[in-house]
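K.L.:
Structure of the sequence below:
(one chain, ligands or ions: 1)
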Amino acid sequence: MVKSKENVLSGWGNFPKQTGHVYRPEKYKDLQDILRLRSQSNFISRGAGRSYGDNALNDQNGVILHTRLNRFLSFDEQTQVLECEAGVTFGEIIEYFLPHGYLPPVTPGTKYVTVGGAISNEVHGKNHHQDGSFSNHILDFQLLVASGEFLTCSRSENQELFWATVGGIGLTGIILSARIKLMRVESAYLEVDYKKTSNLDETIVLLNEMNGKYQYSVAWIDCLSTDRTIGRSILMLGNHALQKQLDGKVEPLSPRRKRNMIVPFYFPSFGLNSSSIKTFNSFYYHRFKDASRQVVDYDSFFYPLDTLLHWNRLYGKAGFIQYQAVFPPETARMGLTELLQKVSQGRCASFLAVLKILGERSGGLLAFPRKGYTLALDIPLRGGTELLAFIRKLDEVVLAHRGVLYLAKDALMSADMFAQMYPELPKFKEVKAKIDPGCLFSSSMARRLNIVGNLG
Ligand SMILES: Cc1cc2nc3c(=O)[nH]c(=O)nc-3n(C[C@H](O)[C@H](O)[C@H](O)COP(=O)(O)OP(=O)(O)OC[C@H]3O[C@@H](n4cnc5c(N)ncnc54)[C@H](O)[C@@H]3O)c2cc1C
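P.N.:
Here you go, the predicted structure:
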């Protein structure tokens, strides 16, 4: 029998912290036993805990860790399809498959996420405008549902359940394994161009113009600049480098390993204040020069933060929230300007402000990525109720411009706001009621956002 252990958990933002009964199964049978014995009233799956808020938390209830269910099951060179358990991380896929010339076709900004977590948040990368989100590259997955059955879900089999599970934050069942089409690459390097812009208009125009030319694009925004320079950015634009572009200087598929550094403890809260952040942002912006055809290794381009393990501790014990919204193209300029104005007036941001352009939506009912522009900001948690009121104002700006907040990053949104931003919620609830009528799968986020009503 799989035993649970009481543990205090949090997401990557270290807020909120909650106690869960944590299970660490190793076999599918363990999972079936957990569901059959029902020693907790409900359960949520947890991958690598890289969501920022509470979507992998379940206060005083069951939390199923997937980190030991992480086996590669098969790989077909002809079709490039990898079948693996849901607890496999992107880092593990890269470590094993990159030397053979394959990579995950879509990746978030950290490789320390699991396949199950990536499906459940329908993650996107810097190539959404060209390659869509993670589910675009998923052929099918196996789902263990509340009845104890294993179901194959794909675009043609259990189709409704497939689209409820993609972006469905773990509420439809437990993803056991998935078949993913990997991407073929010639090298572990990218050829990157850097371009500086002096305001938001320029940033948006340039991101648009570069759409077809670069597979990857992202803008780092100096989010404390104001007035005419609001939204000034550094654009990082990249394509996979071919072997012939490397000039034989490096081993194409074996980039030199970098040593990770660790942030050893939570920083004191006075370390990060608005003037130190402003100084950093301004320094970072001015340090950069336009540059073209820089050859950059895969890790540095996609995962700059991963080299600093536990970097979330820089924000102190109180933690921080990530605030990520997407605006449709028609309202993006106004919405982003207002958001950046509020943030800079509130003097509450942020080393990290990142703007990306997104392409077409997938069919995930609660999936976040959709056509438009998405801005992500770190906001340190201090100021108690004052901060909460400030965040509510940001939420109103987002809603007023038909924007949507990302559940992978959220810890504070109200149920009412969520229902307005996600009009397919009733459809999701319908599918959930069919597949999990007793609400065996629930989470702190699901209750906060009233996705599961009184049952959860
Ligand atoms: C530094 C950093 C950068 C990031 N950059 C991006 C980015 O660029 N784009 C982006 O989209 N996201 C980004 N994220 C967010 C991250 O990609 C997602 O939160 C991702 O889902 C985390 O995966 P995880 O394995 O840690 O899952 P967790 O955070 O542990 O769980 C996430 C959700 O998945 C569910 N889940 C996990 N495993 C299973 C399973 N086996 N079956 C059913 N449900 C499951 C959980 O219940 C939960 O609802 C970033 C996060 C960090 C920390």
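K.L.:
Sticking with Ile44, tell me its helix or strand.
P.N.:
For Ile44, the host element (DSSP states H and E) is strand 43-46.
K.L.:
Could you check how many residues crowd around the residue in the stretch 351-456 of the chain that the ligand sits nearest to?
P.N.:
In the stretch 351-456 of the chain, the residue found nearest to the ligand is Ala408; the distance is 3.6 Å by CB to the nearest ligand atom. Every residue, glycine included, has its C-beta placed from N, CA and C. Neighbourhood size, Ala408 [other CB atoms under 10 Å]: 27.
K.L.:
sorry, back to before: counting contacts, what elements does the strand holding Ile44 pack onto?
P.N.:
Identification of packing neighbours for strand 43-46 by 3 or more CB pairs under 8 Å, 6 or more residues apart in numbering; DSSP states H and E yields strand 62-65.
K.L.:
The strand it packs on near the ligand anywhere?
P.N.:
No: Strand 62-65 is not in contact with the ligand by CB under 6 Å from any ligand atom; minimum separation 7.9 Å.
K.L.:
List the contacts of that strand.
P.N.:
With contact meaning CB atoms under 8 Å, 6 or more residues apart in numbering, strand 62-65 is reached by 4, 7, 9, 20-25, 31, 34, 39-40, 42-46, 56-57, 174.
K.L.:
try stretch 203-214
P.N.:
Residues external to stretch 203-214 that are found in contact with it (CB under 8 Å, 6+ apart): 129-130, 193, 195, 197, 217, 219, 221, 231-233, 235, 237-239, 332-333, 336, 355-357, 373.
K.L.:
Output those of the contacts of strand 62-65 also counted as contacts of the ligand.
P.N.:
Applying CB under 6 Å from any ligand atom to those, those adjacent to the ligand are 44-46, 56, 174.
K.L.:
quick one: the strands in the stretch 1-150 of the chain?
P.N.:
Shown for the stretch 1-150 of the chain, the strands assigned by DSSP state E, counting those that start in this stretch span residues 4-10, 17-23, 43-46, 62-65, 72-76, 81-85, 102-103, 138-144, 150-154.
K.L.:
mind listing the strands for the stretch 201-350 of the chain?
P.N.:
216-221, 233-240, 261-262, 291-297, 308-309, 320-327.
K.L.:
Report the buried residues of stretch 52-70.
P.N.:
52-59, 61-67, 69-70 (16 or more other CB atoms under 10 Å).
K.L.:
same question, stretch 420-437
P.N.:
By 16+ other CB under 10 Å, the buried positions in stretch 420-437 come out as 421-422, 424-425, 428-429, 431-432, 435-436.
K.L.:
Equivalent analysis for stretch 302-316, please.
P.N.:
The neighbour-count check on stretch 302-316 (16+ other CB under 10 Å) flags 302-303, 306, 311-316 as buried.
K.L.:
So which bits of the strand holding Ile44 are buried?
P.N.:
Buried residues in strand 43-46, counted by 16+ other CB under 10 Å: 43-46.
K.L.:
Now do that strand, average pLDDT.
P.N.:
Across strand 43-46, pLDDT averages out at 98.
K.L.:
Figure out how far it is from the centre of its chain.
P.N.:
17 Å (CA atoms, centre = their mean, to the nearest Å).
K.L.:
Okay, and Ile180 sits in which element?
P.N.:
Counting by DSSP H and E, Ile180 is found in strand 174-181.
K.L.:
List the residues that contact Leu69.
P.N.:
By CB under 8 Å, 6+ apart, Leu69 lies in contact with 25-28, 31, 85-87, 176.
K.L.:
out of the residues you listed, which are inside helices?
P.N.:
The helices, defined by DSSP state H, take in 28, 31 from those.
K.L.:
Near Lys409, how many other residues are there?
P.N.:
There are 24 residues near Lys409, going by other CB under 10 Å.
K.L.:
Compute the mean per-residue pLDDT across stretch 97-115, please.
P.N.:
Stretch 97-115 comes out at a mean pLDDT of 97.
K.L.:
CA atoms only for that stretch, dumped as CSV, please.
P.N.:
Presented in CSV, the C-alpha positions along stretch 97-115 are these (Å, rounded to 0.1, in the frame of the first residue of the first chain):
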residue,chain,number,x,y,z
PHE,A,97,17.9,12.7,-27.0
LEU,A,98,19.9,15.9,-27.8
PRO,A,99,23.1,14.0,-28.5
HIS,A,100,21.1,12.0,-31.1
GLY,A,101,19.7,15.2,-32.7
TYR,A,102,16.2,15.5,-31.1
LEU,A,103,14.6,18.1,-28.9
PRO,A,104,11.2,18.8,-27.4
PRO,A,105,9.5,20.9,-30.1
VAL,A,106,8.0,23.3,-27.6
THR,A,107,9.6,24.2,-24.3
PRO,A,108,8.8,26.7,-21.5
GLY,A,109,11.5,28.8,-19.9
THR,A,110,12.7,26.1,-17.6
LYS,A,111,13.6,22.5,-18.4
TYR,A,112,12.7,21.4,-14.9
VAL,A,113,9.0,20.7,-15.9
THR,A,114,7.4,17.3,-16.4
VAL,A,115,5.5,16.1,-19.5
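K.L.:
can you offset everything so residue one is 84?
P.N.:
All right, first residue 84 from here; so that's stretch 180-198.
K.L.:
Return the closest of the buried residues of strand 126-129 with respect to the ligand.
P.N.:
For the buried residues of strand 126-129, the residue nearest the ligand by CB to the nearest ligand atom is Ser128; the value is 3.5 Å.
K.L.:
measure that closest one to Ile258 for me?
P.N.:
Distance, Ser128 to Ile258, by CB to CB, to the nearest Å: 7 Å.
K.L.:
Which residue ranges of the stretch 234-383 of the chain form helices?
P.N.:
For the stretch 234-383 of the chain, the helices defined by DSSP state H, counting those that start in this stretch cover 242-248, 283-292, 357-370, 381-385.
K.L.:
List the contacts of the last one.
P.N.:
Residues external to helix 381-385 that are found in contact with it (CB under 8 Å, 6+ apart): 177, 181, 186, 190, 192, 194, 208-209, 271-273, 275, 299, 319, 321, 338, 341, 389-390.
K.L.:
Pull out the buried positions in stretch 116-126.
P.N.:
116-118, 123, 125-126.
K.L.:
Out of these, which two sit at the greatest distance?
P.N.:
Using CB to CB, the buried residues of stretch 116-126 span at most 16.0 Å, a distance reached by Asp116 and Asn125.
K.L.:
need the residues of the stretch 384-533 of the chain near the ligand, please.
P.N.:
Residues of the stretch 384-533 of the chain lying close to the ligand by CB under 6 Å from any ligand atom are 388, 491.
K.L.:
what ranges of the stretch 384-533 of the chain fall below the confidence cut-off?
P.N.:
For the stretch 384-533 of the chain, residues meeting the criterion pLDDT under 70 lie at 430-432, 434.
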